[in-house]
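Peer 1: What follows is a predicted protein model with its sequence.
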Amino acid sequence: KAGVTQTPRYLIKTRGQQVTLSCSPISGHRSVSWYQQTPGQGLQFLFEYFSETQRNKGNFPGRFSGRQFSNSRSEMNVSTLELGDSALYLCASSLDGVQETQYFGPGTRLLVL
Amino acid sequence: GNSVTQMEGPVTLSEEAFLTINCTYTATGYPSLFWYVQYPGEGLQLLLKATKADDKGSNKGFEATYRKETTSFHLEKGSVQVSDSAVYFCALTQGGSEKLVFGKGTKLTVNP
């Protein structure tokens, strides 16, 4: 069974631009979560989607948004990029989202210049 | 709120040495506990997990026991290899939420 895939793997943007990252979960998984990883703050939860609905949200500004499609694929969007948004963005999927094991993708590394 | 505290790294060991990475947590109720590993340039891989008190998770020679009385989930391996060099994260989930709360991570380097 294929793992979690994320595209693109690397991205360079400039301040003020917006970016969309994509995540395809493991087949049959309906929950998708997003995390931001930075050297200073570590791994921080962004949001979780289950059956196309946002179920949980972390403490990030409204510039960070996401959505999930009927095939469980998910996208996250960051508008008006800031230098501090440079990070590794990780997507994780799980079966039904009730304290199930989450499986992570390789991440998208975003650099904001 | 829920939190996870890991021992500060980095940790440097010689091959075949014994490894312990300490992890303690703060949570109400009964969280599920996890160890994830991140190799250079990669995402996170689940190493092992435990969902209730006294459960022992194990995988690839690594073990951790869920100790509710000490709110701990320490990671151990009897004989490390160079290929174990990576960053190790302790994490928890709780209350029907998928939100993983992570520790800061511990970087392990194993020298031949």
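Peer 2: Arrived safely.

Peer 1: ok, the residue minimising distance to the centre of chain A - contacts?
Peer 2: Central residue of chain A (C-alpha atoms, centre = their mean): A:Trp34, 3.3 Å from the mean position. Residues in contact with A:Trp34 (C-beta atoms under 8 Å, 6 or more residues apart in numbering or on different chains) are A:23, A:45-48, A:66, A:74, A:76, A:89-92. No exception for glycine: its C-beta is placed from N, CA and C like everyone else's.

Peer 1: can you do 6 Å?
Peer 2: Shown in contact with A:Trp34 (C-beta atoms under 6 Å, 6 or more residues apart in numbering or on different chains): A:46-47, A:76, A:91.

Peer 1: List the ones among those residues that fall in strands.
Peer 2: Counting by DSSP state E, the contacts of A:Trp34 place A:46-47, A:76, A:91 in strands.

Peer 1: Give me every residue in chain B lying close to chain A.
Peer 2: Proximity of chain B to chain A, by C-beta under 6 Å from any C-beta of the partner chain, involves residues B:32, B:42-44, B:46, B:93, B:96-99, B:102, B:104.

Peer 1: let's go with 10 Å and repeat that
Peer 2: B:6, B:30-32, B:34, B:36, B:38, B:41-46, B:49, B:51, B:89, B:91-105 (C-beta under 10 Å from any C-beta of the partner chain).

Peer 1: one step back: not counting sequence-adjacent ones, nearest residue to the residue nearest to the centre of chain A?
Peer 2: Nearest residue to A:Trp34 in three dimensions, chain neighbours excluded: A:Leu46, at 4.1 Å (C-beta to C-beta, 6 or more residues apart in numbering or on different chains).

Peer 1: for that neighbour, what are its contacts?
Peer 2: Each residue near A:Leu46 by C-beta atoms under 10 Å, 6 or more residues apart in numbering or on different chains is listed here: A:33-36, A:56-60, A:64-66, A:76, A:78, A:89-91, B:99.

Peer 1: ok, A:Asp96 touching A:Ser72?
Peer 2: No: counting by C-beta atoms under 10 Å, A:Ser72 is not a contact partner of A:Asp96; they are 11.4 Å apart.

Peer 1: which residues do these two both contact?
Peer 2: Counting by C-beta under 10 Å, 6+ apart, the residues touching both A:Asp96 and A:Ser72 are A:28-31, A:50-51.

Peer 1: Could you restrict those residues to the ones contacting chain B?
Peer 2: A:31, A:50.

Peer 1: filter the shared contacts of A:Asp96 and A:Ser72 to the buried ones?
Peer 2: Buried by 16 or more other C-beta atoms under 10 Å in any protein chain shown: A:29-31, A:50, out of the shared contacts of A:Asp96 and A:Ser72.

Peer 1: As JSON lines, these with secondary structure and pLDDT would be great.
Peer 2: Listed next are those as JSON lines, based on DSSP: H, G, I helix; E, B strand; the rest coil; pLDDT from 0 to 100:
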{"residue": "A:His29", "secondary structure": "coil", "pLDDT": "93"}
{"residue": "A:Arg30", "secondary structure": "coil", "pLDDT": "93"}
{"residue": "A:Ser31", "secondary structure": "strand", "pLDDT": "92"}
{"residue": "A:Phe50", "secondary structure": "strand", "pLDDT": "92"}
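
Peer 1: for those residues, which one is nearest A:Leu83?
Peer 2: Set against A:Leu83, the nearest of these by C-beta to C-beta is A:Ser31 (31.2 Å).
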